[in-house]
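K.L.:
take this sequence and fold it.
(one chain, ligands or ions: 2)
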Amino acid sequence: MRVAIIGAGPAGFYAAEALLKRVDTVVHVDVFDRLATPYGLVRAGVAPDHQNIKAVTRIFAKTAERPNFRFLGNVRLGRDLTVEDLRRHYHQILYAVGNEADRRLGIPGEGIAGCTPASVFVGWYNGHPDYQDAQIDLSMTRVAIVGNGNVAVDAARILLHTPAELEQTDIASYALATLRESRVREVFLLGRRGPAQAAFTHVEIKELGELEATEPLIDPRELADCGNPETLGQTPSDKNLLILHAFAAQPPAGRGKKLHLRFLVSPTEVLADAAGRVSGLMLEKNRLETRQDGTIVARGTGEMELLKVGMVLPAVGFAAERIAGVPYDERTKVIANENGRVVDPASRAVIANEYVVGWARSGPQGLIGKHKGASALVVDLMTADGAGLETRSLPEPEAIVSLLRDRGVRVVSFDDWKQLDEVEVARGARRGAPRDKVVALDAMLEVLGQH
Ligand SMILES: Cc1cc2nc3c(=O)[nH]c(=O)nc-3n(C[C@H](O)[C@H](O)[C@H](O)COP(=O)(O)OP(=O)(O)OC[C@H]3O[C@@H](n4cnc5c(N)ncnc54)[C@H](O)[C@@H]3O)c2cc1C
Ligand SMILES: NC(=O)c1ccc[n+]([C@@H]2O[C@H](COP(=O)([O-])OP(=O)(O)OC[C@H]3O[C@@H](n4cnc5c(N)ncnc54)[C@H](OP(=O)(O)O)[C@@H]3O)[C@@H](O)[C@H]2O)c1
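P.N.:
Numbers count the residues shown, from 1 in each chain. Ligands and ions are numbered 1, 2, ... in the order given. Okay, the predicted model is just below:
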């Protein structure tokens, strides 16, 4: 059985492992990625100061060493390959392309210079080749981050860390240089709902109290309806509230940088100065309303406030990119599917032998570990549906590589990646960091040429 997996992030790697462990038939897995490097958001999303999380790549590297596994990096579905190519060369196709588009705020001024979506800022500091040239200007003193999820918290930490805290991480070296010169002193983390509804998790916000040069500030009035610290329990929300209460009770520590945690505010407009750069964010005060189904939503009160900031980072979630030939669900903004089987978005009819895992299936929620079980369940469906499929004869395994070569694609193999990895680790050691990433594709190919 020959399976193509598109996307070498956690969902793709966990699926590859489950496929290669099948005992009913021998499976050959080709994992394609549009980047020359594997591991998806583990490399390009997880914050550089969270190296322990990145250790999961050792498990993925073991999968990559299995005999029937191939990595074909620097191959983009929709540009270098079509879905038709995949159908010709494989018995089954598994999309694991993640969520690479940003959700938008949909307010006036969102396109102004200095209003930078989280994916751009995160991709920039993590050395994602798409964002290496992003114009990140940190010459202002005040920044607003919109959203109360863990991505917003990551962005706040990176902006507020001291250079010494960042130096020993694998942050991209150009980002480190810009952050060294940063004049940012105050960051506003803006939640549209209340502290009890925040999406961030307690381990992540606890870290905001441990930054060397920053104090987290929260007006105790924001916590008026958020229980008594003495009686709060162990739910995820209560754990968050306990930490927020502790921040509110802290006497001023006189640290140079401030992180303001604000709640019940929604941005309504990004404002520009005469030079066309962000000068402020108009906020509307919200109140909470409980819907009939029990969900708690924010409703604008009409009370407005101008927050003067020089940069706005919306961190309000992601969506799957549209890929030519791959069915897309316009409502949920993921690949159209029923429990992992790809379907036609209009008729909901199953498209045989095509599947989807990870964020491309479920949207941008959940941690890396969650994909292990979720991808394995989809592999169970592939196993159930695929009995006898392997009798369909296919072109030789090398044919896909020849096809790509004929199209002028320089395919990067897992052995190539291991060489790059070694070079990055050696470069990092010079600044006491776990790695110093090679970012540009040309630079990567040059390193590989030298080997
Ligand atoms: C900023 C950020 C920080 C995070 N931090 C943590 C954390 O600390 N801990 C944690 O547990 N979780 C974290 N997460 C969540 C975690 O990263 C995701 O759950 C997980 O990466 C999703 O896996 P995936 O395989 O679906 O997608 P991805 O990891 O995004 O992988 C998708 C892959 O598909 C490739 N691809 C896309 N389109 C194409 C195409 N057309 N052709 C070929 N290849 C393509 C991409 O290059 C990418 O490599 C974070 C997420 C973000 C956004
Ligand atoms: N360290 C880590 O473990 C880590 C780091 C980063 C990411 N992750 C994970 O990756 C996933 C994605 O994280 P995320 O932060 O992108 O998403 P998220 O957890 O869904 O948070 C999105 C935030 O944006 C807010 N929001 C959405 N639309 C908005 C709008 N129009 N105006 C104002 N606010 C708006 C949401 O508020 P509402 O709640 O009101 O909708 C929510 O606070 C999560 O599962 C997260 O835990 C983990």
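K.L.:
distance check, the residue nearest to residue 113 when sequence neighbours are not counted against residue 235.
P.N.:
Setting aside the residues directly before and after it, residue 113 is nearest to residue 277 in space (C-beta to C-beta, 6 or more residues apart in numbering), at 5.1 Å. Glycine gets a C-beta too; all of them are placed from N, C-alpha and C. In this structure, residue 277 lies at 42 Å from residue 235, with C-beta to C-beta, to the nearest Å as the measure.
K.L.:
follow-up on the earlier one: identify the residues contacting the residue nearest to residue 113.
P.N.:
For residue 277, the contacting residues are 112, 113, 114, 137, 310, by C-beta atoms under 8 Å, 6 or more residues apart in numbering.
K.L.:
for it, give its distance to ligand 1.
P.N.:
According to C-beta to the nearest ligand atom, to the nearest Å, residue 277 stands 25 Å off from ligand 1.
K.L.:
secondary structure class for whatever residue of the stretch 251-400 of the chain ends up closest to ligand 2?
P.N.:
Closest to ligand 2 within the stretch 251-400 of the chain is residue 316: 3.6 Å, counting by C-beta to the nearest ligand atom. When classified by DSSP: H, G, I helix; E, B strand; the rest coil, residue 316 comes out as coil.
K.L.:
show me what contacts it?
P.N.:
102, 103, 104, 105, 118, 146, 147, 149.
K.L.:
and of these, the nearest to ligand 1?
P.N.:
Using C-beta to the nearest ligand atom, residue 118 comes nearest to ligand 1 of these, at 6.8 Å.
K.L.:
separation between the residue nearest to that closest one when sequence neighbours are not counted and ligand 1?
P.N.:
Once flanking residues are discounted, residue 118 sits nearest to residue 315: 3.7 Å by C-beta to C-beta, 6+ apart. Residue 315 sits at a distance of 8 Å from ligand 1 (criterion: C-beta to the nearest ligand atom).
K.L.:
burial of residue 315, as a residue count?
P.N.:
Neighbours of residue 315 under the rule other C-beta atoms under 10 Å: 26.
K.L.:
next: residue 139.
P.N.:
Counted with other C-beta under 10 Å, residue 139 comes out at 12.
K.L.:
what parts of the protein come near ligand 1?
P.N.:
Taking C-beta under 6 Å from any ligand atom as the criterion, the chain approaches ligand 1 at residues 6-12, 32-35, 40-41, 45-46, 50, 53, 76-78, 96-98, 100, 122, 151, 154, 323, 358-360, 366-368, 371.
K.L.:
can you map out the strands along the stretch 51-200 of the chain?
P.N.:
Counting by DSSP state E, counting those that start in this stretch, one finds strands in the stretch 51-200 of the chain at the ranges 69-73, 92-95, 101-102, 142-146, 186-190.
K.L.:
most tightly surrounded among these?
P.N.:
Mean neighbour count (mean count of other C-beta atoms under 10 Å) peaks for strand 92-95 among these, with a mean of 27.
K.L.:
put the alpha carbons of that strand into CSV.
P.N.:
Extracted C-alpha coordinates of strand 92-95, given in CSV (Å, rounded to 0.1, in the frame of the first residue of the first chain):
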residue,chain,number,x,y,z
GLN,A,92,-4.5,6.8,-0.5
ILE,A,93,-3.9,10.5,0.2
LEU,A,94,-3.8,12.1,3.6
TYR,A,95,-3.9,15.8,3.9
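K.L.:
how about low-confidence regions in the protein?
P.N.:
Residue ranges of the chain with pLDDT under 70: 451.
K.L.:
repeat that for 80
P.N.:
Residue ranges of the chain with pLDDT under 80: 450-451.
K.L.:
okay, now the domains of it?
P.N.:
Domain segmentation of the chain under automatic domain parsing yields 2-100+318-412, 106-314.
K.L.:
contacts for stretch 424-432?
P.N.:
167, 168, 170, 173, 434, 435, 436, 437, 438.
K.L.:
and for stretch 257-265?
P.N.:
148, 156, 160, 184-195, 198, 208, 211, 213-218, 222, 244, 247, 283-288, 298, 305.
K.L.:
among these, which are in helices?
P.N.:
156, 160, 208, 244, 247 (DSSP state H).
K.L.:
identify the farthest-apart pair in those.
P.N.:
160 and 244 (17.2 Å; C-beta to C-beta).
K.L.:
before we move on, the earlier item: dump the domains of the chain to a markdown table, plus distance to residue 422.
P.N.:
Converted to a markdown table, these look like this (distance: least, C-beta to C-beta, whole Å):
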| stretch | distance to residue 422 |
| --- | --- |
| domain 2-100+318-412 | 13 |
| domain 106-314 | 14 |
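K.L.:
what residues does the chain put near ligand 2?
P.N.:
Residues of the chain lying near ligand 2 (C-beta under 6 Å from any ligand atom): 105, 146-152, 154, 191-193, 197, 199, 204, 266, 315-317, 364-367.
K.L.:
hmm, try it at 5 Å
P.N.:
Residues of the chain found near ligand 2 (C-beta under 5 Å from any ligand atom) are 147-151, 192-193, 199, 204, 316-317, 364-366.
K.L.:
what about burial for those residues, which qualify?
P.N.:
For the residues of the chain next to ligand 2, a burial check counting by 16 or more other C-beta atoms under 10 Å picks out 147, 148, 149, 150, 151, 192, 193, 199, 204, 316, 317, 364.
K.L.:
these two touch, right, the fourth one and residue 199?
P.N.:
Yes - between residue 150 and residue 199 there is a contact at 7.2 Å, judged by C-beta atoms under 8 Å.
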